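> this one's sequence-less:
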């Protein structure tokens with residue numbers, strides 16, 4: 001009885017501790033995933049808003065509108081009506097456009113009367129109470145005469161026509177296909193909502209839906225809340241889309257988060273029952289024979305520990321597979337689709353700079369900001385595609401100094417951070433794919449520069465040993481938190497405000513594909529050192 005009671009107490013204590021740990025892990029993993037997906041969609045909608053405002057400002061600068069405001073007659077009216085026609089990107093989502101005065105009254109419109117938008121108030125986009133020339137995105141609205149469809153206005157002041165505004169109405173592009181693609185990205189059980197931050201008008205990108213009722217959460221956090229008529233509990237995150245009156249919400253049912261925990265406890269209960277039964281049998285035998293009861297108890301406890309370890313490993317493997325599956329879907333479903341629009345935007349910025357050399361300083365400032373955001377987006381898309389479709393390396397002898405200098409030259413302005421290259425000129429070449437080596441070096445140096453917030457030094461050194469070369473990048477930044485050391489090489493893990501956490505994961509994969517490795521050598525409050533180990537090229541070989 002005493003040995004059975006001790007075994008039961010040990011099993012219960014171990015099961016409770018295991019349950020608490022698995023529950024914390026499941027909640028933490030679900031929170032990280034919900035927050036990460038919410039941030040990605042927030043940035044996607046933010047970039048879409050920037051593009052829409054840019055198009056609206058460009059349309060408002062059409063001289064036909066200003067001419068109509070100065071001389072309203074049949075000729076200028078016809079020209080202004082022609083200028084209202086939209087022939088830009090996503091033309092299928094455009095309902096029409098209107099010229100409105102500062103009171104919101106419609107002056108000119110090509111919106112079909114069936115939509116009933118001429119009587120809709122647009123005070124959230126006009127009149128502007130502060131000076132400026134930026135367009136304004138309005139709130140989502142239900143169309144008066146169209147069921148289950150949302151529209152939103154984009155208002156832009158017309159230069160040279162005081163008190164006159166161009167208001168273009170767009171239909172929210174929603175479809176079951178869009179919803180299916182989003183489901184592939186965030187999972188079949190998760191839900192995505194987009195709507196007005198402080199007013200009704202919500203969609204799940206398949207149709208109009210009621211508001212989920214979740215207020216914007218603190219950045220990087222998710223909260224438990226209930227929604228729907230059945231008061232189902234969800235874990236969700238909500239973030240306001242900068243530059244818009246919209247909020248994006250991503251949530252997942254708590255029942256789906258708890259499902260692996262229930263399965264885990266069921267397996268633990270079976271194992272515990274078997275262990276308890278065996279323990280009682282052994283205790284009964286021991287009480288008869290007075291031999292070795294403690295050894296038998298220790299063996300059963302060891303088996304239980306191994307089983308728990310295997311369950312934790314299976315949980316970790318499941319989380320990694322889900323993240324990699326989401327990454328692969330995101331890469332194929334979004335990466336290729338975004339690259340062409342980004343190229344078009346780059347060409348447009350270059351053209352605008354070329355044709356407006358004497359434009360006001362604020363115009364050039366906005367163009368520079370747009371170019372920076374396009375470059376950041378291109379890097380994110382590049383990381384996605386690099387991670388999803390890595391090619392076999394074509395290795396050949398490559399000088400480290402030349403590769404380093406060429407990649408550092410791509411950094412451009414480093415805002416006060418000094419990059420010190422201390423790679424010897426007579427260093428033996430390494431056997432790598434030059435393009436893939438360049439990607440790794442650029443990622444390491446870029447991360448080091450970004451870690452110091454405009455003040456510090458990045459030192460690049462290299463030493464060689466028998467058959468290998470150690471290439472180290474050291475910064476003087478704040479270092480990596482100890483709890484993140486094991487996570488920084490995982491896909492989708494990042495502590496930056498922007499980016500999706502693929503740079504180091506791609507770099508380590510490329511390093512290992514080229515016969516080397518990438519590790520963290522040291523990290524502290526005085527900086528971090530990453531070591532890239534590569535194979536030295538033989539003087540007389542021919543490599544492919």
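In hand now; what should we look at? Computed from a predicted structure; not experimentally measured.
> drop to CA atoms for contacts and neighbour counts, all remaining ones
Will do.
> Does the residue nearest to residue 472 when sequence neighbours are not counted belong to a helix, a strand or coil?
Once flanking residues are discounted, residue 472 sits nearest to residue 531: 4.5 Å by C-alpha to C-alpha, 6 or more residues apart in numbering. Here residue 531 is recorded as strand under DSSP: H, G, I helix; E, B strand; the rest coil.
> ok, residue 531 touching residue 463?
No. Taking contacts as C-alpha atoms under 8 Å, residue 531 lies outside contact range of residue 463: 10.8 Å.
> what is in contact with these two at once?
Taking C-alpha atoms under 8 Å, 6 or more residues apart in numbering as the criterion, residue 531 and residue 463 both touch 470-471.
> who has more neighbours, those two?
Taking neighbours as other C-alpha atoms under 10 Å, residue 531 and residue 463 compare with residue 531 leading, 20 against 15.
> OK, contacts around that one?
Counting by C-alpha under 8 Å, 6+ apart, residue 531 touches 470-473, 518-521.
> Tell me the first helix or strand C-terminal of the lowest-mean-pLDDT helix or strand in the chain.
Confidence across the helices and strands of the chain bottoms out at helix 176-186, with a mean of 69, counting by mean pLDDT, DSSP states H and E. The helix or strand immediately downstream of helix 176-186 is strand 191-196, counting by DSSP states H and E.
> Return the distance of that following strand from the chain's centre.
Relative to the chain's own centre, strand 191-196 is displaced by 17 Å; criterion: C-alpha atoms, centre = their mean, to the nearest Å.
> Can you tell me the strand partners of it and which way each runs?
Its sheet considered, strand 191-196 pairs with strand 202-203 (antiparallel), strand 246-253 (antiparallel) by DSSP bridges.
> contacts for that strand?
The contact list for strand 191-196, computed with C-alpha under 8 Å, 6+ apart, reads 139-140, 182-183, 201-205, 211-212, 245-252.
> got the contact list for residue 41?
Neighbour list for residue 41: residue 248 [criterion: C-alpha under 8 Å, 6+ apart].
> Just the pLDDT for it.
For residue 41, the pLDDT comes out at 89.
> Repeat that for residue 86.
Listed pLDDT for residue 86 reads 88.
> Quick check: residue 19 touching residue 262?
No. Judged on C-alpha under 8 Å, residue 19 makes no contact with residue 262 at a distance of 9.3 Å.
> neighbours of residue 365, just the number please.
11.
> re the thing from before, please list only the buried members of the contacts of residue 531.
Buried positions within the contacts of residue 531, assessed by neighbour count (16 or more other C-alpha atoms under 10 Å), are 470-473, 518, 520.
> Out of those, flag the one nearest to residue 361.
For the buried ones among the contacts of residue 531, the residue nearest residue 361 by C-alpha to C-alpha is residue 473; the value is 38.0 Å.
> tell me the SS of the nearest residue to the closest one once chain neighbours are set aside?
Spatial nearest neighbour of residue 473, chain neighbours left out: residue 460 (4.7 Å); criterion: C-alpha to C-alpha, 6+ apart. Using three-state DSSP, the structure places residue 460 in strand.
> give me every residue that touches residue 460.
Counting by C-alpha under 8 Å, 6+ apart, residue 460 touches 419-423, 471-474.
> Can you pick out the ones from those residues that are in strands?
Taking DSSP state E as the definition of strands, the contacts of residue 460 contribute 419-422, 471-474.
> I'd like those residues laid out as a markdown table, including distance to residue 338.
Shown next, in a markdown table, are these (distance: C-alpha to C-alpha, whole Å):
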| residue | distance to residue 338 |
| --- | --- |
| 419 | 32 |
| 420 | 35 |
| 421 | 35 |
| 422 | 38 |
| 471 | 34 |
| 472 | 34 |
| 473 | 32 |
| 474 | 34 |
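> Farthest-apart pair in the residues you listed, please.
Greatest spatial distance among those (C-alpha to C-alpha): 419 and 471, at 14.9 Å.
> quick one: residue 47 is in a strand?
No. With three-state DSSP as the criterion, residue 47 is located in helix rather than a strand.
> just to revisit the earlier point, pick the most buried one from the strands paired with strand 191-196.
Highest mean neighbour count of these: strand 246-253, a mean of 25 (counted as mean count of other C-alpha atoms under 10 Å).
> how distant is it from the center of its chain?
Worked out by C-alpha atoms, centre = their mean, strand 246-253 lies 14 Å from the chain centre.
> what's the average pLDDT for it?
On average, strand 246-253 scores 93.
> Tell me the pLDDT of residue 295.
Value for residue 295, per-residue pLDDT: 65.
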